[in-house]
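1. Need a 3D model of the sequence below.
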Amino acid sequence: MIIDHQPFLRSLVRRLAAGVLLSTLLLPIVRAERIKDLASFTGVRENQLIGYGLVVGLDGSGDQVRQTPFTQQSLTNMLSQLGVTVPQGTNMQVKNVAAVMVTARLPAFAQPGQSVDVVVSSMGNAKSLRGGTLLMTPLKGANGQVYALAQGNLLVGGAGASQGGASVQVNQLNGGTIPDGAIVERGVPTSYAQNGVVRLELNTSDFAIAQNVVAALNRRFGGQTATAVNGRTIELRAPMDPKGQLTFLSQVENLQVSLPPARARVVINARTGSVVMNRTVMIDEAAIAHGNLSIAISPQQQVSQPNTPFGGGQTVVTNNTQIQMQTQGGAIKRVNTSANLADVVRALNALGATPQDLLSILQNLKSAGALRADLEVI
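-> Next comes the predicted model:
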């Protein structure tokens, strides 16, 4: 008698494959990112620049001089520097000029002659900066030194029109940008290595991430190349040769690091009613009852007066206020334990609550200890 073992073997293989797939799905998701996306080198940073200037060439949409006297003063000073003398007491009605603030970011290692983008914002009552040209504006740092000069035509993303008291506007008209609108005149010395030691600062404080970064660096470069100072700062021993330092730091930036699961967090925007949660949020089993209470108050006045004007009566005004209260019933619903984001979304959708009601429900779940996440309200 010959026994065919093939069906048994096929069934066994299917069960083993299903078990392997299930175990794979149950494993925590490990993600990897480059160090340049997780941290930055100490000393390699941008610097904020600011300046005050004038925008000209507007189509009658500039500042009104009577309400913004600083615009007239700035225009008078600029003309005097160009050799044009304006008699004192002259009331200039210039509607094509607007006083603006100019801001920019000076990147690290910027050298004289390079260009940076600038942002121009109106500080008066100009209606629009569309079509304007920014005149030469010095951009200063926090120490009062000039680091760049800005000038050029504005790029305004908005549009608007008005006629006969009616107006329409799309996006913002009182601000714009000038791509490559500023030329760097002075660089900022950047120092990132001291005696061959470079500090790496994580974007967020996390001891687990810091330990993983240190382990990855030591595996790649060997020895005690990296040492964690705390949950945010890591010290690196770089080569003393400047060229060797550049090669070393470029390799450090592109090194892949495995990250632990992110900390569970729910972010609530109370102004817009939006709720955002990451994939590590969990909900324990709980019972929820939620209903809406609305109250409407309508004040009314009732006038009572005599039938004839000679009856000797007096007109009486009585205030009558009507109050209506309406309650929407909310049955108690059971929320099962949710171990992943899909289950959390499914459980919250089962409540049938609006996004605005969801804000209160999540806060109450956190107070009851059923929401395993940090709750952040912005």
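2. So for the helix or strand that contains residue 247, what gets flagged as buried?
-> For residue 247, the element it lies in under DSSP states H and E is helix 242-253. Taking 16 or more other CB atoms under 10 Å as the neighbour-count basis, helix 242-253 is seen to contain the buried residues 245, 248, 249, 252, 253. (Glycine included, C-beta is placed from N, CA and C.)
3. Which residue comes closest to the last one once chain neighbours are left out?
-> Excluding its sequence neighbours, the residue lying closest to residue 253 (CB to CB, 6 or more residues apart in numbering) is residue 36, at 3.9 Å.
4. on that earlier part again, of all the buried residues of helix 242-253, which comes closest to residue 347?
-> Using CB to CB, residue 253 is the member of the buried residues of helix 242-253 that lies nearest residue 347, at 41.3 Å.
5. check contacts around the closest one.
-> Contacts of residue 253 were listed using CB atoms under 8 Å, 6 or more residues apart in numbering, and they are 34, 35, 36.
6. would you list those in JSON lines and tack on pLDDT?
-> Rendered in JSON lines, the data for the contacts of residue 253 read as follows (pLDDT from 0 to 100):
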{"residue": "34", "pLDDT": "91"}
{"residue": "35", "pLDDT": "93"}
{"residue": "36", "pLDDT": "91"}
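7. Low-confidence regions, the protein specifically.
-> Confidence mapping of the chain against pLDDT under 70 gives the ranges 1-31, 89, 158-171, 290-301, 303-314, 317, 319-333, 335, 339.
8. make it 80
-> Across the chain, residues meeting the criterion (pLDDT under 80) sit at 1-32, 65-67, 88-93, 158-172, 270-273, 288-358.
9. how near is the closest residue to residue 110 other than its chain neighbours to residue 115?
-> The shortest distance from residue 110 to any residue other than its chain neighbours is 5.0 Å, reached at residue 184 (CB to CB, 6+ apart). Taking CB to CB, to the nearest Å as the measure, residue 184 falls 7 Å from residue 115.
10. neighbour-wise, which of those two wins?
-> Taking other CB atoms under 10 Å, residue 184 and residue 115 do not tie; residue 184 has more neighbours (21 against 15).
11. Spit out the contact partners of the more buried one.
-> Neighbour list for residue 184: 106, 110, 111, 112, 113, 114, 115, 116, 147, 148 [criterion: CB under 8 Å, 6+ apart].
12. Just the buried ones from those?
-> Neighbour-count burial (16+ other CB under 10 Å) applied to the contacts of residue 184 gives 106, 110, 116, 147, 148.
13. Show me those residues that map onto strands.
-> In strands, defined here by DSSP state E, the members of the buried ones among the contacts of residue 184 are 106, 116, 147, 148.
14. Determine which two of the residues you listed are furthest apart.
-> In terms of CB to CB, those reach their longest pairwise distance at 116 and 147, which sit 9.6 Å apart.
15. And the helix or strand residue 347 falls within, what does it pack against?
-> Take DSSP H and E as the rule and residue 347 turns out to sit in helix 341-350. Contacts of helix 341-350 with other secondary structure elements, assessed using 3 or more CB pairs under 8 Å, 6 or more residues apart in numbering; DSSP states H and E, are made with strand 282-283, strand 333-335.
16. Which other helices and strands does the shortest one contact?
-> For strand 282-283, the packing partners by 3+ CB pairs under 8 Å, 6+ apart come out as helix 341-350, strand 371-372.
17. chain center to it: distance?
-> Once both centres are worked out by CA atoms, centre = their mean, to the nearest Å, strand 282-283 turns out to sit 26 Å from its chain's centre.
18. So what are the sheet partners of the next helix or strand after it and their directions?
-> Past strand 282-283, heading to the C-terminal end, the next element that is a helix or strand (DSSP H and E) is strand 286-288. Each strand that strand 286-288 pairs with, and the sense of that pairing, follows from DSSP bridges: strand 333-335 (antiparallel).
19. OK, contacts around the nearest residue to residue 130 once chain neighbours are set aside?
-> Once its chain neighbours are removed from consideration, residue 130 has its nearest residue in residue 156; the separation is 4.4 Å (CB to CB, 6+ apart). For residue 156, the contacting residues are 128, 129, 130, 131, 173, 175, 176, taking CB under 8 Å, 6+ apart as the criterion.
20. What is the neighbour count of the fifth one?
-> If you count neighbours by other CB under 10 Å, residue 173 ends up with 19.
21. wait, doesn't it sit right on residue 132?
-> No - counting by CB atoms under 8 Å, residue 173 sits too far from residue 132 to count as a contact (10.6 Å).
22. in which helix or strand would I find the residue nearest to residue 253?
-> Secondary structure assignment for residue 36, by DSSP H and E: helix 35-38.
23. Kindly report the same for residue 79.
-> Residue-wise, residue 79 maps onto helix 69-81 under DSSP H and E.
24. what's that helix packed up against?
-> With contacts defined as 3+ CB pairs under 8 Å, 6+ apart, helix 69-81 has these neighbours: strand 47-56, strand 98-106.
25. So in that sheet, which strands flank the last one, and in what orientation?
-> Applying DSSP bridges to the sheet, strand 98-106 is found paired with strand 47-56 (antiparallel), strand 115-122 (antiparallel).
26. Tell me the one of the buried ones among the contacts of residue 184 nearest residue 90?
-> Nearest to residue 90 among the buried ones among the contacts of residue 184 is residue 148, at 33.1 Å by CB to CB.
27. Just list the residues touching the closest one, thanks.
-> Residues touching residue 148, when contacts are defined by CB under 8 Å, 6+ apart, comprise 49, 104, 106, 116, 138, 139, 182, 183, 184, 185, 186.
28. partner residues bridging it?
-> Legend: beta-bridge partners of residue 148 under DSSP bridges are residue 139, residue 184.
29. Quick one: residues contacting residue 125.
-> With CB under 8 Å, 6+ apart as the criterion, the residues that contact residue 125 are 63, 64, 67, 68.
30. which of those residues sit farthest apart?
-> 63 and 67 (7.5 Å).
31. More neighbours: those two, which one.
-> It is residue 63, of residue 63 and residue 67, that has more neighbours when counted by other CB under 10 Å, with 29 against 9.
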